[in-house]
Every structure is written in structure tokens, then in C-alpha cells.
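Colleague: Here is the input, now give the coordinates:
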Amino acid sequence: MWRRVREEENRQLVRQSGADHVVVSSGAAGQMLAMTTIRPAAGMVINNLLERGPGLDLIERPAEESELSAPPRDAAGAVIAVVRGNEVLASDDPQATPLARGDRLILVSSPKPPASQH
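Modeller: Numbering: from 1, shown residues only. Okay, here's the model as predicted:
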């Protein structure tokens, strides 16, 4: 279960009440502002991921049979993470290689334009 809190001091209380994951909105906003100041292009990418509509999206899909036993970088698409069991591994983490049956891939993707109708 995911929950959002405004301030860091409330994180533990929400976890104790049963939340598995807690997002601290003030902390997330501060981190994004700092990133944008230091690395403006990276901040633009994060902002693009957060906005609805055209731009970049995060998608999750199972590793395909043809991708098993290979490193994540060889999978179709821009893989940024591998979900193995309950663990999320960065795509360049040595433990993410090779891809195994049951792995799920997190990719950055741009929305596909709607197919034209004739």
C-alpha cells in the first residue's frame, strides 16, 4: 500500500499504520528543485515523466522469452530497472544480469501516436 505525507516526520507513523511505501511530497519537491538547479536537463526529464500527456512514460513489462539469459541492456527498449521478486535492481546492477524467468522490466518510453484510421 502506498501513502503520501507532506513532512518527513510523519513517514514512520504512516509506516506503522501499515503502509508499505511512503512518499514525502515536500522532500520529493526539494530533491527535484535541487536536481534542476544542478542538472537542468535531468530535471526536465523528471518533470516530463511526472506530467500527463505527450512526453516520456515509465512502463513495466515482463521479460520476453527471447530476452532471458541476456543482460538488461540487450532487451528491447530503454530498460532502467529490473524487478526480481520484491527487489528493484538498476539495469546496470550486476545482480540484474542475466534476465531470468519472472523478471519484470521498467523502461522509459515515449507514447506511441494513435494508429491512423482509413
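Colleague: Quick one: residues contacting residue 54.
Modeller: Neighbouring residues of residue 54 by Cβ atoms under 8 Å, 6 or more residues apart in numbering: 110, 111. In short, each C-beta sits where N, CA and C put it, glycine included.
Colleague: any idea how far residue 111 is from it?
Modeller: According to Cβ to Cβ, to the nearest Å, residue 54 and residue 111 sit 6 Å apart.
Colleague: Quick check: which element contains residue 29?
Modeller: helix 25-38 (DSSP states H and E).
Colleague: could I get that helix in PDB with only the CA atoms?
Modeller: What follows is helix 25-38 as a C-alpha-only set of coordinates in PDB (Å, rounded to 0.1, in the frame of the first residue of the first chain):
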ATOM      1  CA  SER A  25       5.900  15.200  -1.000                       C
ATOM      2  CA  SER A  26       8.000  18.100   0.400                       C
ATOM      3  CA  GLY A  27      11.200  16.000   0.200                       C
ATOM      4  CA  ALA A  28      10.400  14.900  -3.400                       C
ATOM      5  CA  ALA A  29       9.800  18.500  -4.400                       C
ATOM      6  CA  GLY A  30      13.000  19.700  -2.800                       C
ATOM      7  CA  GLN A  31      15.000  16.900  -4.500                       C
ATOM      8  CA  MET A  32      13.600  17.800  -7.900                       C
ATOM      9  CA  LEU A  33      14.300  21.500  -7.300                       C
ATOM     10  CA  ALA A  34      17.900  20.700  -6.300                       C
ATOM     11  CA  MET A  35      18.400  18.400  -9.300                       C
ATOM     12  CA  THR A  36      17.000  21.000 -11.700                       C
ATOM     13  CA  THR A  37      19.500  23.600 -10.300                       C
ATOM     14  CA  ILE A  38      22.500  21.300 -10.700                       C
END
